[in-house]
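Chemist: This is a predicted model, with the sequence first.
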Amino acid sequence: MTLKALSDILWRERELLEQLVFKLEVEQLLLTSGRTTRLPLATREVEHVLELIREAELGRAAEIDALTGTLGVDPDASLLELARTAPAPWDGILSEHREAFIRITGEISDLAQSNRDLLSSSHRATQETLMGLHESVQTYDPTGATTPPSAGAQLLDETS
């Protein structure tokens with residue numbers, strides 16, 4: 001394993017992480033626009049990219065295992081440790097990869113949290129709508145018989 005091969009793997013992972021950012025942004029756009037019929041497709045695309053990332057991470061781990069012996073670092077060495085022990089110019093290149101990973105994973109965390117919040121508020125709104133319908137629309141009970149809307153307080157406009 002060479003440092004160039006490791007850098008190539010890291011570039012591939014960065015590309016996959018950028019693709020994940022894009023897919024999460026698409027999910028977010030669907031959620032904010034209310035066009036959720038395509039949400040399952042967007043979610044499958046996110047899951048597909050996550051699977052590709054997991055595969056790339058396994059490949060990277062195997063390659064780093066082979067490289068750590070030549071650099072004289074622990075097999076569980078972090079990218080920071082690898083950058084500190086690598087000769088120039090690889091020390092700078094690995095440091096740049098590390099900084100990019102930190103930036104991209106921050107974006108991913110923010111987007112994922114925002115999407116979870118949007119899904120949660122959408123779920124609450126749907127539940128409130130369904131509860132409102134149950135109180136104002138004739139529905140069916142478990143036996144199939146119709147049930148009248150609940151007779152709660154009603155506001156009447158007496159000005160007409």
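Modeler: Everything's here; your move. A quick note: this is a predicted structure, and the numbers were derived from the prediction, not measured.
Chemist: Count the residues that sit near residue 90.
Modeler: Here the number of neighbours of residue 90 (other CB atoms under 10 Å) works out to 18. Every C-beta, even on glycine, is put in place using the N, C-alpha and C of the backbone.
Chemist: Distance of it relative to residue 70?
Modeler: 12 Å (CB to CB, to the nearest Å).
Chemist: swap in residue 55?
Modeler: Residue 55 is 24 Å from residue 70, by CB to CB.
Chemist: Need the residue closest to the centroid of this protein.
Modeler: Centroid-nearest residue in the chain: residue 112, 4.2 Å away (criterion: CA atoms, centre = their mean).
Chemist: Could I get the pLDDT score of that one?
Modeler: As predicted, residue 112 sits at a pLDDT of 96.
Chemist: Show me what the helix or strand it falls within is packed up against.
Modeler: Assigned by DSSP states H and E, residue 112 belongs to helix 90-136. Judged by 3 or more CB pairs under 8 Å, 6 or more residues apart in numbering; DSSP states H and E, helix 90-136 is in contact with helix 3-33, helix 79-85.
Chemist: who wins for proximity to residue 121 among those helices?
Modeler: helix 3-33 (9.2 Å; CB to CB).
Chemist: Name the residues of that closest one that come out as buried.
Modeler: Judged by neighbour count using 16 or more other CB atoms under 10 Å, the buried positions of helix 3-33 are 3, 6-7, 9-10, 13-14, 16-17, 19-21, 23-24, 26-28, 30-31.
Chemist: report the angle between the axes of it and helix 90-136?
Modeler: Put simply, helix 3-33 runs at 20 degrees to helix 90-136, going by axes from the mean of the first three to the mean of the last three CA atoms, to 10 degrees.
Chemist: What are the buried residues along whichever helix or strand comes after helix 3-33?
Modeler: Following helix 3-33 in sequence order, the next helix or strand is helix 39-71 (DSSP H and E). The neighbour-count check on helix 39-71 (16+ other CB under 10 Å) flags 39, 42, 45-46, 49, 52-53, 56, 60, 63-64, 67-68, 71 as buried.
Chemist: need the residues you listed in TSV with distance to residue 117, can you?
Modeler: Formatted as TSV, these follow (distance: CB to CB, whole Å):
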residue	distance to residue 117
39	15
42	16
45	20
46	16
49	21
52	26
53	23
56	29
60	31
63	37
64	35
67	40
68	40
71	42
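Chemist: got JSON lines for the residues you listed, with distance to residue 98 and pLDDT too?
Modeler: Shown next, in JSON lines, are the buried residues of helix 39-71 (distance: CB to CB, whole Å; pLDDT from 0 to 100):
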{"residue": "39", "distance to residue 98": "34", "pLDDT": "92"}
{"residue": "42", "distance to residue 98": "30", "pLDDT": "95"}
{"residue": "45", "distance to residue 98": "27", "pLDDT": "97"}
{"residue": "46", "distance to residue 98": "24", "pLDDT": "97"}
{"residue": "49", "distance to residue 98": "21", "pLDDT": "98"}
{"residue": "52", "distance to residue 98": "21", "pLDDT": "98"}
{"residue": "53", "distance to residue 98": "16", "pLDDT": "97"}
{"residue": "56", "distance to residue 98": "16", "pLDDT": "96"}
{"residue": "60", "distance to residue 98": "13", "pLDDT": "93"}
{"residue": "63", "distance to residue 98": "16", "pLDDT": "87"}
{"residue": "64", "distance to residue 98": "13", "pLDDT": "90"}
{"residue": "67", "distance to residue 98": "15", "pLDDT": "89"}
{"residue": "68", "distance to residue 98": "16", "pLDDT": "88"}
{"residue": "71", "distance to residue 98": "15", "pLDDT": "88"}
